[in-house]
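> Fold the following.
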Amino acid sequence: MTRPTAWRYMLCAAGLLACFPLVAQSPQEQDMTQIHITMSGTPGAEFSAHWRVTHEDETTEHVEESGTVPAEYTFTGTELEGTVKLLSDNERLEVDIQKGSNRSRSSTQGAGGTLTLMIR
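Sure, this is the predicted structure:
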């Protein structure tokens, strides 16, 4: 009986990989679908937020009727659209959104200040 050579092992492994598609995302692909939102500014400032997250051609909505600073959210998606409204008077709201290497920063001050945000 002869021992299989390293070449035969490599061919066998390549054949198995061709039969089983890779389902897991690479770390880079995963970074491009993780959307992280940080709400900062005046501690205790109140806001409302409406987020529309699109992932694999499906859009879901997330509504925060009355959030307070500081707050953080993480969504999985390829695109995010949002509207954030500051509800507190004489306070400041800063919104930082990061998806992979893309980053959006916006701020508003005073009750009624509204931010419309989008990141892809």
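
> Tell me which residue is most central in this structure.
I35 (1.1 Å; C-alpha atoms, centre = their mean).

> tell me the pLDDT at that one?
At I35 the predicted local confidence, pLDDT, stands at 96.

> repeat for R3
56.

> Could you do N102 as well?
At N102, pLDDT is 89.

> Please work out how many residues are found near it.
By other C-beta atoms under 10 Å, the residues close to N102 number 11. All C-beta atoms are positioned from the backbone trio N, CA, C, and that covers glycine.

> Ramachandran angles for it?
Per-residue torsions, N102: phi -90, psi 140 (degrees, to the nearest 10).

> Quick check: closest non-adjacent residue to it.
I119 (5.7 Å; C-beta to C-beta, 6 or more residues apart in numbering).

> Could you do K99 as well?
Sequence neighbours aside, I35 is the residue nearest to K99 in space, at 4.7 Å (criterion: C-beta to C-beta, 6+ apart).

> which residues does that neighbour bridge with?
Beta bridges link I35 to F75, K99, judged by DSSP bridges.
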